[in-house]
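In: structure, please.
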Amino acid sequence: MTTTHLTHITEPPGVAPGTGYTHVVTGTGRLVQVSGQVAFDEQRNLVGAGDPKAQARQVFENLRRCLAAAGADFSDVVKFTFFMTDIAHLAAIREARNEYLGDLPLPAASAMQVAALFRPDVLIEIEAMAIVREQRSNAVAE
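Out: Next up, the predicted model:
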């Protein structure tokens, strides 16, 4: 599937179909790399202690804000990397992702369970890579 500046290759020849992600996303524009975001609010208070759904929603809100600061949005994301302390949190992450992405094509993704994140009450961390359309890139650079 091709959007204005990204091409999503969901089923490359000879590769088993994926579930909940796109195998390959390519595009043209300006690269935006968003560091791993956790469920902190603006005052660095943890949102949703012990609640992976609440944490996932806050993480995606933080990603939205970071992308916006770079002149991007979720339509520009080509890859998410999900880190979670329990792989069972993946369902909550996908639910929040779907709320924020809506009908957009799914980006590439990697998901991994980790032994721990930097604080024991932080359950989820997500980083994003985006490619911003050239038209937006020029507008942000001015």
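In: let's test this: mean pLDDT of the longest helix along the chain, rounded?
Out: Across the chain, the helix with the greatest residue count (assigned by DSSP state H) is helix 52-69. Mean per-residue pLDDT for helix 52-69: 98.
In: where in this protein is pLDDT low?
Out: For the chain, applying pLDDT under 70 flags the ranges 1-3, 135-142.
In: what is the residue most central in space within the chain paired to in the beta sheet?
Out: Taking CA atoms, centre = their mean, the centroid of the chain lies closest to residue 80, which sits 4.0 Å from it. Counting by DSSP bridges, residue 80 forms beta bridges with residue 109, residue 128.
In: how far out from the middle of the chain is the longest helix of the chain?
Out: Distance, stretch centre to chain centre, for helix 52-69: 9 Å (CA atoms, centre = their mean, to the nearest Å).
In: show me what that helix is packed against.
Out: When contacts are defined as 3 or more CB pairs under 8 Å, 6 or more residues apart in numbering; DSSP states H and E, helix 52-69 sits against strand 30-37, helix 90-101, strand 124-132. For glycine as for every other residue, the C-beta is placed from the backbone atoms N, C-alpha and C.
In: residues contacting the residue nearest to the centre of the chain?
Out: 97, 107-110, 126-128 (CB atoms under 8 Å, 6 or more residues apart in numbering).
In: now, which of those sits nearest residue 117?
Out: residue 126 (11.1 Å; CB to CB).
In: tell me how far that closest one lies from residue 11.
Out: Taking CB to CB, to the nearest Å as the measure, residue 126 falls 25 Å from residue 11.
In: near residue 92, how many other residues are there?
Out: When neighbours are counted by other CB atoms under 10 Å, residue 92 registers 22.
In: wouldn't it be in contact with residue 53 here?
Out: Yes - the criterion here is CB atoms under 8 Å, and residue 92 meets it with residue 53 at 4.4 Å.
In: circling back to that earlier point, between residue 126 and residue 11, which one's more packed in?
Out: Set residue 126 next to residue 11 and count neighbours by other CB under 10 Å: residue 126 wins out with 25 against 12.
In: that concludes my questions; thank you for your assistance.
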